[in-house]
Structure formats: structure tokens, C-alpha cells
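Student: Just the structure for this:
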Amino acid sequence: MAGSTIGNKFTITTWGESHGKALGVVVDGCPAGLPLCEEDIQVFLDRRKPGFSQFSTPRKESDTIEILSGIFEGKTTGTPISMMVRNTSQRSGDYGDIATYYRPGHADYTFDEKYGFRDYRGGGRSSGRETIGRVAAGAIASKILKELGITITTYVSSIGDVHIDRNNFDADYILKNDLNMPDPDAYEKASILLQDCMAENDSIGSGVECIVHGMPAGIGEPVFDKLDACLAKAVMSIGAVKAVEIGDGTEVSTARGSYNNDAFVMNGYNVDKETNHAGGILGGMSDGSDIIIKAHFKPTPSIASTQKTVNKSRDNIEVSIRGRHDPIIGPRAVVVVEAMTALTILDLIFENMSSRMNKIIDFYK
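Tutor: Below is the predicted model of the structure:
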């Protein structure tokens, strides 16, 4: 299937289906000599695995990672790294009747129109479980970025009409609650809202914010491979993301230039900015400030409420989706947004290594 690979210098190719034997990823372009073990990857996968929250699908999967290649004596060899997670809790019978109709909000109809055939068990390649490969690869990218002093903080910033209060922001609280929110008050309100949705057999949308700290200036290309364009593509490629914002995002369309422009100031010997409306990116390249990204996730389309649709015979019917599904996507997608951000930034950092002649000379002489 085309479109399963992303990246130019640091590339990943994901493979596998929700109800197949396994899912995984092949990572190419990772430098040799990086200390890496399965535990490094598992920490990231544990943040997205199902069945361990009142607000996630009851499908329980250990999502245990297996590294199949590219590692020797605890370090990367510079060759492709292949990783796999086996599916152990499939219940394909829950999806048998889906073969005959198109679920609202899913890719069933579009898959049939494109290929004339589809894996209807849990959505196949369009399932949220496809993100396992992204997260595993993102764990490697994040480890390399950390060596460069670049770290990423990602969290749920909104659920329905409940938004976090920046004054209550507590980064340590993100991993201490099952909604990955940095605001205890917002978490309590969002929990009540979600419980109401679940009681009504419904789902709800959410927003995920990602902040990249420690970025050097000048990363990204000035035309088609702009840093913000590449980030938008990478994050938008996550299933259920319907909008991506950088910095102030859509607010810029109502702002004045005198407000939106970030004034440059000297901070010792370093160029700094008084504000960061641009979200750390100017002209498609990083400006040294924190990069700020927000992804908007639609409500989970698989809901038990009765919905209208059509079947493959083109009859109008009504359906109620069976199976085990999340009532909200954002909390488990936090680490996926983080992974796609890390992969994109690392790829462009590698490209940037050849942007100046003096860099090439310094490297080889």
C-alpha cells in the first residue's frame, strides 16, 4: 500500500493491521552507536496501550515490543531497525457484520472505493493500532533528540468544551491521570463530561498540545519542506486529526500585525523573542523558541448510539456499532502526536547537516 513511509533521512515504514497477527515498523537512517533496548521503546508504547483506563477501550493488549534487527550488543548498528508488536486480544467476530455496510465516520466506504476490497476487522490499516509503529519509531527519535538537548512535552489541552487553565499548568500531573491533562481542575470537569458521554453511548472530541523545548534555530527548509508544513503533514496523518495549529494558529486570522509580530531582543549574546505567537517557526525554519503545536481530534466514530448509513447493496439502514472502543481519542493519542513531532524534527535536523559548506568541511576534515 502506498503512503506507509515518511521521512527523507530518518525514514519509517509502518505495517500491520488491527486484527492481523502483528503490527510493526522498519526504521532506516538511525545512526550507529545509539544505546537502545526494548525497554526504551516499551516506555512509550505503555503510554498508548489500551485497556488500562476507565476512558479507553476494554481491549487489553500488553503491546510488548520485539526488536528484530539493527541492534548488536545494546547499540544500533546503522542498519534498518525492525520492530514488532503481536496482537493477542483480537475479537474479530465483533466486526463480522461490518463487512456488509459502511460505518459513519470511518474509512470503510473510501477503502472500498479505492481498492474494491478492505479488511473490515477493526478497520485494518485505518485502525488506531497502526500507531504502534509510529510510537515505537518515535521513541528512537526522541532518544536521539534528547542527546541533542531537545525534549518534548505533550498533553491533552481540551476535551469537549473543557479547556485547561494555563495558570494551573502542572507538567508532573500529566502522567498521573488517565486523561493526560496538566490541570487537575480541568481533569475533574472532563471526567464528568466523559462519564456523561459514555452513559449516552456517545463520544467526544479533544485537543492535544505539543511543546518542543531546546530547539536550535535554522531547522527546516524555506519552501516545500517548511518545518511547520512537515509537522502539519505528520500530525495530520494521525487518524482522527482534523486540524493542526502552529503557535497562535487560527487566532492569527483575527489579529493585528502589531500584536502578532514577535519582537526580537538580545538575551546576553543570544537572539531571543519577547513573545512566541509564531510558535517557534518563521519562514518554515525554527527560530530557537519553543515549538508549539496543537492537534484537534474528532470524536471516536465508533459509538453504540443508533446511526444512519447505507449497506453495500445501497440500501438505507440504521446501525449501532458493537465492539470495544475508546469514548475519546486524545488521551491515548498524546504519545502519537509526540512521536510524529519527534520523527519530523529529527529528519529535518539530519537534512540540515548539509546546509552549509563549512559544516561538511568540519565533519570530514
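
Student: mind listing what the closest residue to D170 other than its chain neighbours touches?
Tutor: Nearest non-adjacent residue to D170, counting by Cβ to Cβ, 6 or more residues apart in numbering: P182, 5.4 Å away. No exception for glycine: its C-beta is placed from N, CA and C like everyone else's. P182 makes contact with 155, 164, 168-171, 173-174, according to Cβ atoms under 8 Å, 6 or more residues apart in numbering.

Student: Let me know the distance separating P182 from V241.
Tutor: Look at P182 and V241: by Cβ to Cβ, to the nearest Å, they are 20 Å apart.

Student: next one: I81
Tutor: In terms of Cβ to Cβ, I81 sits 26 Å off from V241.

Student: Now do the strands in the stretch 251-365 of the chain.
Tutor: 264-267, 270-273, 281-282, 285-286, 291-297, 307-310, 316-319 (DSSP state E, counting those that start in this stretch).

Student: Highest average neighbour count across those: which stretch is it?
Tutor: Of all the strands of the stretch 251-365 of the chain, strand 291-297 carries the top mean neighbour count, a mean of 25, counting by mean count of other Cβ atoms under 10 Å.

Student: what does that strand rub up against?
Tutor: For strand 291-297, contacts defined as Cβ under 8 Å, 6+ apart pick out 157, 205-212, 215, 227, 231, 235-236, 238, 240-247, 249, 276, 279-281, 328-330, 333, 337, 341, 345.

Student: Could you tell me which of the residues you listed are located in helices?
Tutor: Cross-referencing the contacts of strand 291-297 against helices under DSSP state H gives 227, 231, 235-236, 330, 333, 337, 341, 345.

Student: Of these, keep whichever come out buried.
Tutor: When the ones in helices among the contacts of strand 291-297 are checked for burial by 16 or more other Cβ atoms under 10 Å, the buried set is 227, 231, 235, 330, 333, 337, 341, 345.

Student: hang on, the earlier thing: which one, of the strands of the stretch 251-365 of the chain, ends up nearest to E113?
Tutor: When the strands of the stretch 251-365 of the chain are compared by Cβ to Cβ, strand 307-310 sits nearest E113, at 12.8 Å.

Student: Check which helices and strands that closest one sits against.
Tutor: strand 316-319 (3 or more Cβ pairs under 8 Å, 6 or more residues apart in numbering; DSSP states H and E).
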